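# Show me how the following folds:
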Amino acid sequence: MMANVGDRLHVHGHVVGQADHRCEIIEVRGHDGSPPYMVRFADGHESLMYPGPDAVVEPAGSD
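Coordinates of the predicted model:
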């Protein structure tokens, strides 16, 4: 998985009825765009994430 600052991380829900999560990548801490990523959610919460196989990177401007 490779990402750049400004891309969005889309994490799919694990069970029926669980909402997907989307956040903005504000810092890439891995080498050459690899995880971990510092992300910011719409409510302003920030977190360090090591995305799993249920996550995809959406390039900036792909909305």
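
# which non-adjacent residue is nearest the residue minimising distance to the centre of the chain?
Most central in the chain under C-alpha atoms, centre = their mean is Leu9, positioned 2.4 Å from the mean C-alpha point. Among residues not flanking Leu9 along the chain, Cys23 sits closest, at 5.3 Å (C-beta to C-beta, 6 or more residues apart in numbering). For every residue, glycine as well, the C-beta is placed using N, CA and C.

# quick one: that neighbour and Val39 touch, right?
Yes: using C-beta atoms under 8 Å, Cys23 makes contact with Val39 at a distance of 4.0 Å.

# Identify the contacts common to those two.
Counting by C-beta atoms under 8 Å, 6 or more residues apart in numbering, the shared contacts of Cys23 and Val39 are Leu9, Ser47, Met49.

# Just give the closest residue to the second one, not the sequence neighbours.
Nearest non-adjacent residue to Ser47, counting by C-beta to C-beta, 6+ apart: Val39, 5.8 Å away.

# So what's the predicted local confidence for that neighbour?
If you check Val39, the pLDDT there is 97.

# which ones are touching the residue nearest to the centre of the chain?
Leu9 sits next to 3, 22-25, 37, 39, 49, 51, 55-58 when contact means C-beta under 8 Å, 6+ apart.

# what would these look like in a markdown table with distance to His31?
Conversion of those to a markdown table gives the following (distance: C-beta to C-beta, whole Å):
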| residue | distance to His31 |
| --- | --- |
| Ala3 | 12 |
| Arg22 | 25 |
| Cys23 | 21 |
| Glu24 | 21 |
| Ile25 | 15 |
| Tyr37 | 13 |
| Val39 | 18 |
| Met49 | 16 |
| Pro51 | 16 |
| Ala55 | 18 |
| Val56 | 20 |
| Val57 | 16 |
| Glu58 | 21 |
